[in-house]
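[1] Have a look at this fold, sequence not included:
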């Protein structure tokens, strides 16, 4: 069961990465697309390539939901970290260029760290439980943290800082939403009517909020940085909720705990290497000038 869940999560990460790369191309290409809120998002949905990206991402999310209904969130969510490697490969194909050596090495570090992490975490197949009041409190705290991150983003002077803060907001909401989806998915294995519950509504709110922050992060033209921050914030927040709120187990021995820490460090280092290998302003344009341009376009 756990092996099937991990495979579903990996395939889901591939489709999410493909969808993200397609959407980022559209967002970056529409330089004169003004606005920040729902009106801006409504303009995006008129673009066929963006809709194709949304469909791919939607399929990936669906597969990820299936994985969460068959495995613990603290195990399944880190698998999504492979999405950054997939995203950079897809983006390189779309832009008809080769991956850099640093990107390949970073990808290897992510995969090796992920395998080590999955081996260190004890499999726990019991159905997670969560009360409605706890779910509501969790959603409120998450939205407050994400709102603070968005505020930091729009007050930052550099495009990289804005992309990182917006991606952090998106990743945090996605991670907590995944924890809620894990609870819903396990309940639906017993009773399909479990989808009609407060956690479902809260998950939709979190996913919608995170999706909007994600699109604005892509708008900063720092795709690898944004996707890397999202890929770190998402599993960290999900695993935190899984352990502290849902009661999922940690490694039972000091050796296993040390191995988990080493594997997690490898993943973070790999993600950072991947992100740094692709960060850089477009030729002939300074970061400061592009930020001023964005502020001029935004209401």
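    Nice, I can see it. Since this is a predicted model, take the numbers as computed values, not measurements. Numbers count the residues shown, from 1 in each chain.
[2] shaky segments in the chain?
    Where the chain drops to pLDDT under 70, the residues are 1, 29-38, 40-41, 121-127, 274-299.
[3] what's the single longest helix in the protein?
    Scanning the chain for the helix with the most residues, using DSSP state H, yields helix 159-188.
[4] helices or strands up against that helix?
    helix 48-68, helix 73-79, helix 132-155, helix 198-218, helix 223-244, helix 287-297 (3 or more Cβ pairs under 8 Å, 6 or more residues apart in numbering; DSSP states H and E). C-beta: built from backbone N, CA, C; applies to glycine.
[5] buried sites along the third one?
    Just to be clear, that refers to helix 132-155. 135, 138-139, 142-143, 145-146, 149-150, 152-153 (16 or more other Cβ atoms under 10 Å).
[6] picking up where we left off before, mind putting the helices and strands packed on helix 159-188 into JSON lines with distance to residue 192?
    Formatted as JSON lines, the helices and strands packed on helix 159-188 follow (distance: least, Cβ to Cβ, whole Å):
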{"stretch": "helix 48-68", "distance to residue 192": "14"}
{"stretch": "helix 73-79", "distance to residue 192": "21"}
{"stretch": "helix 132-155", "distance to residue 192": "19"}
{"stretch": "helix 198-218", "distance to residue 192": "12"}
{"stretch": "helix 223-244", "distance to residue 192": "24"}
{"stretch": "helix 287-297", "distance to residue 192": "45"}
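[7] So which of the ones you listed is nearest residue 89?
    Residue 89 lies closest, by Cβ to Cβ, to one member of the helices and strands packed on helix 159-188: helix 223-244, at 11.8 Å.
[8] Show me what that closest one is packed against.
    Applying 3+ Cβ pairs under 8 Å, 6+ apart, we find helix 223-244 packed against helix 2-29, helix 73-79, helix 82-94, helix 159-188, helix 198-218, helix 254-276.
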